[in-house]
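Visitor: let's see this in three dimensions:
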Amino acid sequence: MHGFEGMGFGMGWWWIIGFIFVAAIIWAIFRSPGQSNNLNNTANQKSALDILNERYARGEIDKEEYETKKRDLGL
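Guide: Prediction:
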C-alpha cells in the first residue's frame, strides 16, 4: 500500500505526463513556422498563365492587356 501514497506510484505518472507536455511545447516552438505549408505550396503553385487567366476572369485586366501579357509569356 505504500506505493500509492505520497510520492509513490501516482507521482511517477505525473512525471511522464509533464515530460510529454514540455516536449510538445518545445516541439511547437522550434519547428519551422512554414514547414507544413511548404509541402502544400509546391503542390498549389500556380503558373503565370493560371494567374493571368484568373485576373482576366475577375475583370482586373481587359482583353488587350491579357493578349499582350500572354504573348510576353511566350504562350
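Visitor: next SSE downstream of the lowest-mean-pLDDT helix or strand in the chain?
Guide: Ranking every helix and strand in the chain by mean pLDDT, DSSP states H and E puts helix 35-44 at the bottom, with a mean of 58. Sequence order places helix 48-58 as the next helix or strand after helix 35-44, per DSSP states H and E.
Visitor: have a look at this structure and report its longest helix.
Guide: Secondary structure of the chain per DSSP state H: the longest helix is helix 9-30.
Visitor: give me the mean pLDDT for that helix.
Guide: Averaging pLDDT along helix 9-30 gives 82.
Visitor: packing partners of it?
Guide: Using 3 or more CB pairs under 8 Å, 6 or more residues apart in numbering; DSSP states H and E as the contact test, no helix or strand touches helix 9-30. Bear in mind the C-beta positions are built from the backbone N, C-alpha and C, glycine included.
Visitor: list the contacts of Leu49.
Guide: Going by CB atoms under 8 Å, 6 or more residues apart in numbering, Leu49 touches Lys70, Leu73, Leu75.
Visitor: kindly recompute the last result at 10 Å.
Guide: Counting by CB atoms under 10 Å, 6 or more residues apart in numbering, Leu49 makes contact with Lys69, Lys70, Leu73, Leu75.
Visitor: kindly report the same for Glu54.
Guide: Counted by CB under 10 Å, 6+ apart, Glu54 has contacts Lys46, Glu60.
Visitor: how does it look with 8 Å?
Guide: Counting by CB under 8 Å, 6+ apart, Glu54 has contacts Lys46.
Visitor: do you know the pLDDT at it?
Guide: pLDDT at Glu54 comes out at 94.
Visitor: with the one 3 residues further on instead?
Guide: Looking at Ala57, its pLDDT is 94.
Visitor: quick check: it vs Lys63, distance?
Guide: Distance, Ala57 to Lys63, by CB to CB, to the nearest Å: 12 Å.
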